[in-house]
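S.K.: Quick check, what structure comes out for this input:
(one chain, ligands or ions: 1)
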Amino acid sequence: MRIALDVDGVLADVIISWLNYNNSIRPEISKHQITSWEFWNNFNIDRYDFYTELSSCWKNWSSIPTTEKNLSSITKSLTEIGQVDIVTARERSTNSFVKSWLDHHEITYDNYVSVIDGPMKADLDYDVFIDDSPLNAKKFLTHKKNVILYSQPWNQNLSENNINRISNLSEAIKIIKSF
Ligand SMILES: [Mg+2]
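M.R.: Numbers count the residues shown, from 1 in each chain. Okay, here's the model as predicted:
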């Protein structure tokens, strides 16, 4: 079983860091208000600015919180049932920060795979994708991949039957065992 594990929004709650920054320079937004993937349109924020700021948050990686506790033991359990690769879409310059963050939180994984944009992940040879992006999830389905959607405010509208929605990463273990 080859498992592709996303970072932003699944392991790293990087939106919290971005919100801290955003709220210091623009009108305040809270996480529950981010109810769509392209939320920047609702707040008149330029998409390019958002992604640039997100990359800046990664430069300050040590302040990015985890999405939940015990990610170290949960990812260790995942590697016992399959090959777990970190598969992440990002600006190349941030990869070293992400790796430092993963090490710091003792996340267990086999390989680190970086792609230019999220939907490109679907072209990679994995049996299951654990991701929070509704756009990626739809593309995984069209490629007949198993999808485990990590529940976040921005993916609540996605309700396709064959998507396994989880609220905690530990739920992924039981689901993968059932594939
Ligand atoms: Mg993500």
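
S.K.: Need the pLDDT of the residue of the chain found nearest the ion.
M.R.: Nearest residue of the chain to the ion: G9, at 3.7 Å (CB to the ion). For every residue, glycine as well, the C-beta is placed using N, CA and C. Looking at G9, its pLDDT reads 98.

S.K.: Could you report the neighbour count for the nearest residue to it once chain neighbours are set aside?
M.R.: Distances taken as CB to CB, 6 or more residues apart in numbering put D132 closest to G9, at 3.6 Å, once the chain neighbours are dropped. Residues near D132, counting by other CB atoms under 10 Å, number 23.

S.K.: For this structure, which residues are neighbours of the ion?
M.R.: Residues of the chain lying close to the ion (CB under 5 Å from the ion) are 6, 8-9, 132.

S.K.: quick one on the thing from earlier: just checking, the residue nearest to G9 touches Q152?
M.R.: Yes: the pair D132 and Q152 qualifies as a contact (CB atoms under 8 Å) at a distance of 4.7 Å.

S.K.: got any residues that touch both of those two?
M.R.: By CB atoms under 8 Å, 6 or more residues apart in numbering, D132 and Q152 have these common neighbours: G9.

S.K.: At which residues are the helices of this structure located?
M.R.: 14-25, 47-59, 71-81, 95-104, 134-142, 170-178 (DSSP state H).

S.K.: Export the ones you listed as JSON lines, with columns for mean neighbour count.
M.R.: Below are those laid out as JSON lines (neighbours: other CB atoms under 10 Å):
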{"stretch": "helix 14-25", "mean neighbour count": "16"}
{"stretch": "helix 47-59", "mean neighbour count": "15"}
{"stretch": "helix 71-81", "mean neighbour count": "16"}
{"stretch": "helix 95-104", "mean neighbour count": "16"}
{"stretch": "helix 134-142", "mean neighbour count": "19"}
{"stretch": "helix 170-178", "mean neighbour count": "15"}
